[in-house]
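> Generate a structure from the sequence data that follows.
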Amino acid sequence: MARIIVGSYMVRYPLGGMMSWSLQWLVGLHRLDHEVYFVEKSTYPDSCYDPLRQANGNDFAYGLNTVTALLERFGLRDRICYVGYEGGYHGMQRGGVEELFRTADLFLDLGTHGAWLEEAQRSGTATALVDGEPGYTQIRIEKLLAEGQALPDYDSYFSNGANIGTDRSTAPTAGRTWKGVFNPVVPDLFPATPPPANAPFTTVMNWQSHPPLEYGGREYGQKDVEFARFMGLPGRVAVPLEVAVSGQNVPASGLEDSGWGIRDAQECTISFDTYRDYIGASRGEFSICKNVFVALRTGWFSDRSAAYLASGRPVVLQDTGFSEHLPTGEGLFAVNTVEEAAAAIARIESDYERHSKAARRIAEDCLAAETILPGFLSGIGIQ
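Alright, predicted model coming up:
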């Protein structure tokens with residue numbers, strides 16, 4: 001059994017999808033009998049989003065209460081520390097956290113941008129970064145290095161883009177050696193019950209989560225860029241399609257005119273339970289991917305899509321290169337065009353029960369935490 005500290009962000013953005021992503025890692029490691037702790041730190045002002053007020057600020061009370069209650073459900077209530085922007089420790093106190101780092105076997109950074117790296121390195125704890133934004137992360141590092149900035153160094157580098165660092169992807173490596181790891185899912189957190197009658201194919205998405213990124217004379221965008229290629233899909237299929245969407249510049253009237261149902265993403269993901277229930281109320285998932293993931297052929301696969309699969313919901317997902325690593329054609333379909341997407345949905349509808357069972361099987365065989373995490377830890381030298 002190892003003592004593992006996971007750094008991520010849930011308190012600052014306490015919505016269902018974000019919390020589910022971190023929760024799968026935490027619960028997955030905990031169920032493998034590792035001693036797991038969660039730490040989070042605010043490093044800039046107004047970093048905390050309050051979904052009730054729909055505003056950012058320094059008040060972390062809603063987020064901390066929400067995350068603490070969620071972790072308590074899985075036996076992790078006393079395994080949390082949040083450091084606010086003012087520097088105060090909440091949950092575990094400073095002395096306990098410092099002792100924790102001194103005795104830990106691994107600090108696992110799920111996108112804190114080095115917020116806890118000083119504590120880990122001062123204590124001699126092994127460190128590993130998991131990059132959840134393949135292509136974008138490597139370009140950002142390349143740009144910062146070109147500007148002469150000193151960047152955090154980790155003992156091990158992993159990416160959710162299974163093609164990063166291989167000749168299958170055109171993304172830079174920023175001088176790091178990247179190993180691929182898919183986000184784990186804990187299947188029993190997502191019951192595979194039959195969908196309601198007339199349920200739509202859905203997804204949860206952010207239309208434009210950050211501005212376009214320029215690199216090597218080319219601009220890389222977000223989901224807004226890729227969605228245009230599939231806008232006409234509702235007119236090609238016999239089942240309803242719906243997007244729970246947030247973000248900037250959402251073309252609501254254009255989506256509705258093309259036949260898409262629209263839901264407010266925050267309403268559907270106000271908690272982990274509403275996020276899970278929204279997936280469970282769906283017939284399957286159709287989703288596009290961020291332009292940077294697609295254009296650089298990163299091999300990224302969504303933790304959200306893994307949750308759909310675990311729920312027995314077939315997934316039709318724009319291909320980023322993940323089809324080179326996961327089984328497709330039954331329960332999971334990788335598509336590049338609107339025609340391929342329509343054909344995949346028609347194939348699912350021709351034998352829904354078979355594809356539903358195949359979806360759950362892919363989650364259990366290929367993406368389950370008990371399958372992914374032992375090999376991941378072994379690659380770091382932890383058994």
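> all strands in the stretch 1-150 of the chain, in order from the N-terminus.
For the stretch 1-150 of the chain, the strands defined by DSSP state E, counting those that start in this stretch cover 3-7, 35-41, 48-50, 55-57, 80-83, 89-91, 106-109, 126-131.
> Partner strands of the fifth one and their direction?
I take that to be strand 80-83. strand 35-41 (parallel), strand 89-91 (antiparallel) (DSSP bridges).
> Just say which of the strands of the stretch 1-150 of the chain is most tucked in.
strand 106-109 (a mean of 25; mean count of other CB atoms under 10 Å). Placement of C-beta: from N, CA and C, glycine included.
> what does that one contact?
2-7, 25, 101, 116-117, 119-120, 125-130, 154, 377, 380, 382 (CB atoms under 8 Å, 6 or more residues apart in numbering).
> hmm, back to that, in CSV, list the strands of the stretch 1-150 of the chain along with mean pLDDT and distance to A238.
Below are the strands of the stretch 1-150 of the chain laid out as CSV (pLDDT from 0 to 100; distance: least, CB to CB, whole Å):
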stretch, mean pLDDT, distance to A238
strand 3-7, 98, 43
strand 35-41, 98, 44
strand 48-50, 96, 38
strand 55-57, 96, 42
strand 80-83, 98, 47
strand 89-91, 97, 50
strand 106-109, 98, 44
strand 126-131, 97, 39
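> Of those strands, which is nearest R176?
For these, proximity to R176 was assessed by CB to CB; strand 126-131 is nearest, at 8.7 Å.
> Which other helices and strands does that closest one contact?
The helices and strands touching strand 126-131, judged by 3 or more CB pairs under 8 Å, 6 or more residues apart in numbering; DSSP states H and E, are strand 106-109, helix 117-123, strand 156-159.
> and among these, the most buried is which?
Taking mean count of other CB under 10 Å, strand 106-109 is the most buried of the helices and strands packed on strand 126-131, at a mean of 25.
> Just checking: what are the partner strands of it?
When DSSP bridges is applied, strand 106-109 pairs with strand 3-7 (parallel), strand 126-131 (parallel).
> pull the CA atoms of it into PDB?
Taking C-alpha atoms only, strand 106-109 is exported to PDB below (Å, rounded to 0.1, in the frame of the first residue of the first chain):
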ATOM      1  CA  LEU A 106       3.800   9.900  -4.500                       C
ATOM      2  CA  PHE A 107       2.500  13.400  -5.300                       C
ATOM      3  CA  LEU A 108       0.100  13.000  -8.300                       C
ATOM      4  CA  ASP A 109      -0.600  16.300 -10.000                       C
END
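> Quick check: closest non-adjacent residue to A306.
Excluding the flanking residues, the one nearest A306 by CB to CB, 6 or more residues apart in numbering is V185, at 4.1 Å.
> all helices in the stretch 101-250 of the chain, in order from the N-terminus.
117-123, 136-146, 223-227 (DSSP state H, counting those that start in this stretch).
> what's the angle between the longest one and strand 126-131?
Think helix 136-146. 110 degrees (axes from the mean of the first three to the mean of the last three CA atoms, to 10 degrees).
> Residues contacting helix 136-146 from elsewhere in the structure, which ones?
131, 151, 159, 164, 171-176, 178, 213, 215, 220, 290, 292.
> Could you list the buried residues of that helix?
Using 16 or more other CB atoms under 10 Å as the test for burial, helix 136-146 gives 136-142.
> which ones are touching the closest residue to N249 other than its chain neighbours?
In space, and not counting its chain neighbours, N249 is closest to Q208: 5.6 Å by CB to CB, 6+ apart. Contacts for Q208 (CB under 8 Å, 6+ apart) come out as 221-224, 247-249.
> Q93 too?
Contacts of Q93 by CB under 8 Å, 6+ apart are C81.
> Show me the helices in the stretch 251-383 of the chain, by range?
So, for the stretch 251-383 of the chain - with DSSP H, counting those that start in this stretch - the helices run 252-257, 265-268, 272-280, 291-295, 303-310, 338-350, 352-362, 369-380.
> Touching the shortest one from outside, list them.
Contacts of helix 265-268 from elsewhere in the structure, counted by CB under 8 Å, 6+ apart, are 15-16, 51, 54, 204-206, 244-246, 274-275, 278.
> Repeat that for the fourth one.
The contact list for helix 291-295, computed with CB under 8 Å, 6+ apart, reads 133-136, 139, 161, 213, 218, 220-223, 225-226, 298, 300, 318-320.
> how far away is E353 from A359?
Distance, E353 to A359, by CB to CB, to the nearest Å: 11 Å.
> Please identify which of those two sits among more neighbours.
More crowded of E353 and A359, by other CB atoms under 10 Å: A359, with 26 against 9.
> Now for the nearest residue to that one once chain neighbours are set aside: which residues touch it?
Ranked by CB to CB, 6+ apart and with sequence neighbours excluded, the top spatial neighbour of A359 is G331, at 3.8 Å. By CB under 8 Å, 6+ apart, the contact set of G331 is 309, 314-315, 355-362.
> then the longest helix anywhere in the chain to PDB, C-alphas only?
If you go by DSSP state H, the chain has its longest helix at helix 16-31. Output of helix 16-31 as PDB, limited to C-alpha atoms (Å, rounded to 0.1, in the frame of the first residue of the first chain):
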ATOM      1  CA  GLY A  16     -20.400  17.600 -11.400                       C
ATOM      2  CA  GLY A  17     -18.100  16.800 -14.400                       C
ATOM      3  CA  MET A  18     -15.000  18.400 -12.900                       C
ATOM      4  CA  MET A  19     -15.600  16.700  -9.500                       C
ATOM      5  CA  SER A  20     -16.300  13.300 -11.300                       C
ATOM      6  CA  TRP A  21     -12.900  13.500 -13.100                       C
ATOM      7  CA  SER A  22     -10.900  13.800  -9.900                       C
ATOM      8  CA  LEU A  23     -13.200  11.500  -7.900                       C
ATOM      9  CA  GLN A  24     -12.500   8.600 -10.300                       C
ATOM     10  CA  TRP A  25      -8.800   8.800  -9.500                       C
ATOM     11  CA  LEU A  26      -9.300   9.200  -5.800                       C
ATOM     12  CA  VAL A  27     -11.900   6.400  -5.400                       C
ATOM     13  CA  GLY A  28     -10.000   4.200  -7.800                       C
ATOM     14  CA  LEU A  29      -6.700   4.500  -5.800                       C
ATOM     15  CA  HIS A  30      -8.600   4.200  -2.500                       C
ATOM     16  CA  ARG A  31     -10.200   0.900  -3.600                       C
END
